[in-house]
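**Student:** my questions are about this predicted structure, shown below with the sequence.
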Amino acid sequence: MNWRLRQKTKKLLDEEIGTYYKDKRDVSIVLVYPNTYYVGMSNLGFATIYHLLNKREDTWCERGFLPDKEDTTRQDSTGQASLFSLESQKPLNEFDIIAFSVAFELDYFNILTILKLAKIPLYPREREAFPLIMAGGTAVTANPKPLFAFIDIFVMGEGEEVVNEIMDAYLAFRHQQGKSFSREKLLLNLSRIEGVYIPSLGQKEFKRRYISSLDSYPVHSCIVTKNTEFSRMFLIEVTRGCPQGCKFCLASHLYKPFRYRSLEVVQNQVKEGLKWTKRIGLIGGGISSHPDLIKICREIKMLGGEVSLSSLRIASITPELVSILNQKTIAVAPEAGSERLRKLINKPISEENILEKIAIINSSSLILSSPSLTLKLYFLIGLPTEIQEDIEALIKLVIRIKAGFKRELVISINPFIPKLNTPFQDMAMDSKESLNSKLRYIRKNLSGIKIISENIKDSIIQARFSIGDEKVGEFLSNRIFGGVRE
Ligand code: SF4
């Protein structure tokens, strides 16, 4: 490992609270977030599995990330030492298991880049003497097919229970078989666990795992650091799924039914979090539908904390809720410009209602106390049945909101991407030309307003991964082996 990377790693560790430092146990796992430290350390799914594995006496779990771009390029071109874990800087290829936590489809490229940098063969048939490669998380749970060629074991669904069952079975098998066990027999053994999917064994069907009670597994940050998107914030997952059921939304349909944690469990998490930092972030799909949201926010404030919500359902905005919040950005998602299209996607809110709710934010104490407050509006373009009138309606709505809003307004516009397991899974994605032309038109008509958008080319690739099959794997490996992180 080069000196520069070692220094960087040491600095990151020094600035963390809550890191697990362990030494040799029965099994070693490196849990890898296939993106940078900055991105990965705000992901609660990743944090939860790290915490659950390290709670086990028999398991030693460290973290791995994609190095920053300049380090990736340097490491790839120099062929220096293999990629290493964060805590002990142990090479990834020396762990027993490498487990990828995959939230987003575009990170599939990074999985292959990480295997390449870790000097691990891409295909299972060449990996007999290498760590077992597992993958789980939202993207994989929705559609694992693009990664079939590269991953030994998929973990489908919510990982809280199944991760312990996998470790128990893995350790029992190893104790029974000794050091030189057959990998195929191990896979056969693990495939009996519900939620484990091993397509290379010819398994055609799988069952996703869901936990029935969120209260049994409180999910919150286990490491707080300033070096991440939710800097120095203690995140608590209060809801999962979303009762709104927007027809394009994976979070709502993949994690059905909507569930929430009880007031008591969240209160305990809040107290724990306030020992670490005063910034508490409540997250989850459909968070506004938590029946005790106001009580939770009030309590955080009463205990001296500051509360942020990941996003707000427009209909749930009330003067009381906004006055309790303490955040620099409020995110709301009308999704479509016209009422017709909002109805079609299952978000039937009128334009007048949206404007009334924005007016509540506008006259709140939050506006007075936060001169740098930003209102972020999320829209999709290219939704099924969208016509020019819908684009005109989007522009008109933004202009009306901007006219009355006293602080910065940011518009996030992204293409509709069909996702498997949603009612819109079979709907076609708009073409690159059409999406680019709509974006240009919107930008021209909203000049002076900050508009951010994903790269359309990336969105089209994302759609390929979301609904694609095994053949997409070839495209993936071609991209990586034609050059790292294009
Ligand atoms: S409101 Fe948001 S989280 Fe809920 S279903 Fe719609 S898009 Fe998904």
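**Tutor:** Thanks, I have the structure now.
**Student:** what about Cys246, which SS state?
**Tutor:** coil (DSSP: H, G, I helix; E, B strand; the rest coil).
**Student:** list the contacts of Gln203.
**Tutor:** For Gln203, the residues meeting the contact criterion (C-beta atoms under 8 Å, 6 or more residues apart in numbering) are 191, 197. Quick note: C-beta positions are derived from backbone N, CA and C, even for glycine.
**Student:** figure out the helix or strand that it lives in.
**Tutor:** Assigned by DSSP states H and E, Gln203 falls within no helix or strand.
**Student:** report the rounded mean pLDDT for stretch 201-220.
**Tutor:** Average pLDDT, stretch 201-220: 94.
**Student:** same question for stretch 328-346.
**Tutor:** pLDDT averaged over stretch 328-346 gives 96.
**Student:** and if you look at stretch 271-288?
**Tutor:** Mean predicted lDDT for stretch 271-288 stands at 94.
**Student:** so which bits of that stretch are buried?
**Tutor:** By neighbour count on 16 or more other C-beta atoms under 10 Å, the buried set for stretch 271-288 is 273-274, 276-288.
**Student:** cool, stretch 391-407 as well?
**Tutor:** Of the residues in stretch 391-407, those buried (16+ other C-beta under 10 Å) are 391, 393-395, 397-398, 401-402, 405.
**Student:** likewise for stretch 34-47?
**Tutor:** Neighbour-count burial for stretch 34-47 [16+ other C-beta under 10 Å]: 34-37, 39-47.
**Student:** CSV for the residues you listed, including distance to the ligand?
**Tutor:** Formatted as CSV, these follow (distance: C-beta to the nearest ligand atom, whole Å):
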residue, distance to the ligand
Pro34, 23
Asn35, 22
Thr36, 25
Tyr37, 27
Val39, 20
Gly40, 22
Met41, 23
Ser42, 18
Asn43, 17
Leu44, 15
Gly45, 16
Phe46, 20
Ala47, 20
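**Student:** among those, name the ones in helices.
**Tutor:** Among these, the ones falling in helices (DSSP state H) are 37, 39-40, 44-47.
**Student:** among those, which one sits closest to Ile367?
**Tutor:** If you rank these by distance to Ile367 using C-beta to C-beta, Leu44 comes first, at 29.3 Å.
**Student:** got the contact list for the closest one?
**Tutor:** Contacts for Leu44 (C-beta under 8 Å, 6+ apart) come out as 219-221, 235, 237, 283.
**Student:** format the ones in helices among the buried residues of stretch 34-47 as CSV; extra columns: distance to Ser434 and pLDDT.
**Tutor:** Shown next, in CSV, are those (distance: C-beta to C-beta, whole Å; pLDDT from 0 to 100):
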residue, distance to Ser434, pLDDT
Tyr37, 37, 96
Val39, 30, 97
Gly40, 34, 97
Leu44, 36, 96
Gly45, 34, 96
Phe46, 36, 97
Ala47, 39, 96
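**Student:** confidence-wise, which helix or strand of this structure is lowest on average?
**Tutor:** The helix or strand of the chain with the lowest confidence, counting by mean pLDDT, DSSP states H and E, is helix 69-78 at a mean of 67.
**Student:** many thanks, we can stop here.
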